[in-house]
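Asker: Any chance you could fold what I've pasted below:
(3 chains)
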Amino acid sequence: MPTSEQLKKQKQYQQYVKRITPSHSLPLNMTKAFFTGGLICTLGQWILNAAASLGADKETAGSWCSLLLILLSVILTGLNIYPEIGKFGGAGALVPITGFANSVAASAIEFQTEGQVFGIGCKIFTIAGPVILYGILSSWGLGIVYYILKLMGVIL
Amino acid sequence: MKPGIPAGTASIEFLQPVYIESAASITGQKEGQGPLGNLFDMVSEDPLFGTKTWEAAESTLQKETASLAIGKAGLTAPDIRMVFAGDLLAQTIASSFGIAEMDIPYYGLYGACSTMGEALSLGAMTVAAGYGEHVLCAASSHFATAEKEFRFPLGYGNQRPLSSTWTVTGSGACVLGSKPPVPEDQKHASPMRYKNGCAVITGITIGKLVDFGFKDSLNMGGCMAPAACSTIAQNLSDFGRTPKDYDAVFTGDLGMIGQQILLDLLSEKNIDLHSVHQDCGLMIYDNETQDTHSGGSGCGCSASVLAAAILPEIARGTWKRILFVPTGAMLSKVSYNEGESVPGIAHAVVIEHSEI
Amino acid sequence: MDYINAFWVGGAICALVQILLDKTKLLPGRVMVLLVCSGAVLSSIGLYQPLADYAGAGASVPLLGFGHLLWKGMKKAIDQQGILGLFTGGFTACSAGVSAALIFSWIASLIFRPKMKK
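Answerer: Residues are numbered from 1 along each chain as shown, chains lettered A, B, ... in the order given. Next comes the predicted model:
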């Protein structure tokens, strides 16, 4: 185990490295993220409106919106265009559902050389798996609380 | 007569020089477009090197570079007594699969990006001890295999921090020998020789693992600079030299941030390396126009720059004595996920100009 | 008007997450997990629905909306099926998105080859 003297030295070193390491300009990056994310959401809104005008109810329109955005993202990933969008937009490309689709498609395409089962099959979830697991788990946990509160009559 | 003597606490001085008979380098397209582009022996436009997978591509890259180095020395594969080679992949499969086809006794090495220093050190010791007349040392890295191994699939749209480096797609190989390289005008050979000048290894300093508890694997310079500092200071003290005794000191792939840290750390020890320090990672790309952020990295970085840009100048006599210090960051996906820090290592090789 | 709301709300969520990416050492994968879980929590305490009503796709397209969707599905399933709903709600709600991502990506792996980053 490192002594407290060593730990202090390590901490000093980390602070020193942090000080001299340049970083991307945050306001600039935030602006790029704002426009990239905003545009993707606007496109989503357009799909929502188009589906609604064709007579879809709200939920169905929402499903179509996810579906088409995911399709678009997978195609752009295959054509090696989505990485460029991600490089430019940062969180603007990561946060929308298209970022989730990109992580699934990128893994599927990259690991095809390792076979259908252990390549694509396992590794397709490399980045997306945690999202699905913890999404399901957190909603399940919240569901239990909701269920108990309902039994107790706190929520009707 | 003894082949070499221990110097100081971590170095070896070779009493008879170990000759670098030939050196070869092959890189990918991005490296070919960089400032050293026309110095590499070959630049492949196809990042897959004619194969189907990135891993096979790196194996082919290393095998071709090794064959080229053997050919340049005027030799064939059976003349090579043994090969020391390594790469960045898990279980060093790029080297194993690449070198396997050559049917040469093989030691696989893993020293992260310091592998070329490790290979040259072991190769020089072997030759000096008389265990082989010709020994091959090689290292390679590939951008795509490294991304897959350590980071994300390539199609994933992420932003790289400014501290990150770009893994060089490239390989460098040298043939070491106990006799001087064959004359330049010999048929089918282009040895590491300029008139009577050639490059020889006269000493090595073996690196220690240096752990400053640094955990940011996207800031390799910060992980490796303390190791480079330790090895360089050790080398100077073991050989009783000052930075003035070297015409240049080349670190492997510290990048912009690592370079600054190294110079700062050394000046704390009252060693001023400013005037002689260069970094292979900063030489291979133009960071401004090639969007490589802090510089190049990977075993292929220092190996290809050594073969293409450093050794020929030593043979010519531009530099009389240099220190080659490739640096490596020791981590795996598992150690990273388990919250371990990233220790660094650096091996130093003293290379001098010699007249035959 | 709904386009403007979607644009600025969606953009603002992304810009805020950018701070998280740049100022902390959180990797993209962790940020995605964080967003989905936060979305489910915000939705369950009733904060996300008003935002979704206001911003439309600006609230549903970001991964926070994925969490919102999961919670809505969970709540509906519990109301209808009780305890069993705890185990059917989540996947039912996100079935379209997850299936689409998996199926399209598998097809993409047949068509496209891995490429170098520029």
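
Asker: For the residue of chain C at minimum distance from chain B, give me the pLDDT.
Answerer: In chain C, the residue that lies nearest chain B is C:M116 (4.5 Å; C-beta to the nearest C-beta). Yep, even glycine has a C-beta here, placed from its N, CA and C like the rest. Each residue has a pLDDT score; the one for C:M116 is 89.

Asker: Tell me the secondary structure at the nearest residue in space to C:G67 that is not next to it in sequence.
Answerer: The shortest distance from C:G67 to any non-neighbouring residue, by C-beta to C-beta, 6 or more residues apart in numbering or on different chains, is to C:G39 (2.3 Å). On the three-state scheme (DSSP: H, G, I helix; E, B strand; the rest coil), C:G39 is labelled helix.

Asker: mind listing what C:G39 touches?
Answerer: Listed by C-beta atoms under 8 Å, 6 or more residues apart in numbering or on different chains, the contact partners of C:G39 are C:Y48, C:L63, C:L64, C:G65, C:F66, C:G67, C:H68, C:L70, C:W71.

Asker: Which parts of chain B belong to which domain?
Answerer: If you go by automatic domain parsing, the domain ranges for chain B are B:17-177, B:196-355.

Asker: returning to that earlier point: just the buried subset of the contacts of C:G39, written out for ChimeraX, thanks.
Answerer: This is how ChimeraX selects the buried members of the contacts of C:G39, with burial counted by 16 or more other C-beta atoms under 10 Å in any protein chain shown:
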select /C:48,63,64,65,66,67,68,70,71
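
Asker: List just the nearest of the contacts of C:G39 to C:V31.
Answerer: Sorting these by distance to C:V31 puts C:L63 at the head of the list, at 8.7 Å, by C-beta to C-beta.

Asker: mind listing what residue 59 touches?
Answerer: Answering for chain A, as no chain was given. Contact partners of A:E59, counting by C-beta under 8 Å, 6+ apart, are absent.

Asker: meant chain C, my bad for not saying
Answerer: C:A59 makes contact with C:V9, C:G10, C:I13, C:Y48, C:L51, C:A52, C:G65, C:H68 under the criterion C-beta under 8 Å, 6+ apart.

Asker: Not counting its neighbours along the chain, what's nearest the third one?
Answerer: Nearest in space to C:I13, with sequence neighbours left out and distances taken as C-beta to C-beta, 6+ apart, is C:P62 at 4.8 Å.

Asker: distance of that neighbour from B:G172?
Answerer: 46 Å (C-beta to C-beta, to the nearest Å).

Asker: Next: A:Q116.
Answerer: Per C-beta to C-beta, A:Q116 is found 37 Å from B:G172.

Asker: Likewise for C:A57?
Answerer: Taken as C-beta to C-beta, the spacing of C:A57 relative to B:G172 amounts to 52 Å.

Asker: for C:Y3, same thing?
Answerer: C:Y3 is 55 Å from B:G172, by C-beta to C-beta.

Asker: Do a quick rundown of the helices in the chain.
Answerer: No chain was given, so I picked chain A. Counting by DSSP state H, the segments of chain A that form helices are A:4-20, A:26-53, A:58-78, A:82-89, A:91-94, A:97-110, A:122-123, A:128-151.

Asker: should've been chain C
Answerer: Secondary structure of chain C, counting by DSSP H: helices at C:2-23, C:28-44, C:48-55, C:57-60, C:63-81, C:85-111.

Asker: quick one: buried residues of the longest one?
Answerer: The neighbour-count criterion (16+ other C-beta under 10 Å) identifies C:85-86, C:88-91, C:93-94, C:96-98, C:100-102, C:104-106, C:108-109 as the buried residues of helix C:85-111.

Asker: Is that helix positioned near chain B?
Answerer: No - Helix C:85-111 does not reach chain B (C-beta under 8 Å from any C-beta of the partner chain); its nearest approach is 9.2 Å.

Asker: quick one: that helix to chain centroid distance?
Answerer: Average the C-alpha atoms of helix C:85-111, do the same for its chain, and the two points are 13 Å apart (C-alpha atoms, centre = their mean, to the nearest Å).

Asker: Over to stretch C:59-69?
Answerer: On the basis of C-alpha atoms, centre = their mean, the separation between the geometric centre of stretch C:59-69 and that of its chain is 3 Å.

Asker: any idea of the mean pLDDT in that stretch?
Answerer: Along stretch C:59-69, the predicted confidence averages to a pLDDT of 96.

Asker: neighbour count winner among C:Y3 and B:G172?
Answerer: Residue environment comparison for C:Y3 versus B:G172 gives the larger neighbour count to B:G172, 35 against 17, counting by other C-beta atoms under 10 Å in any protein chain shown.

Asker: Please name the residues that touch that one.
Answerer: Taking C-beta under 8 Å, 6+ apart as the criterion, B:G172 is in contact with B:23-25, B:65, B:116, B:138-140, B:300, B:302-308.

Asker: Please point out which parts of stretch B:225-242 sit buried.
Answerer: Within stretch B:225-242, the residues that qualify as buried are B:225-239, counting by 16+ other C-beta under 10 Å.

Asker: In terms of distance to chain A, which of these ranks first?
Answerer: Proximity of the buried residues of stretch B:225-242 to chain A, judged by C-beta to the nearest C-beta, is greatest for B:P226, which lies at 7.5 Å.

Asker: May I ask you to confirm that the closest one belongs to a helix?
Answerer: Yes - according to three-state DSSP, the state of B:P226 is that of a helix.

Asker: how near is it to chain C?
Answerer: Distance from B:P226 to chain C, counting by C-beta to the nearest C-beta, to the nearest Å: 20 Å.

Asker: Could you chop chain A up by domain?
Answerer: Each domain of chain A, as a residue range, per automatic domain parsing: A:27-124, A:128-156.
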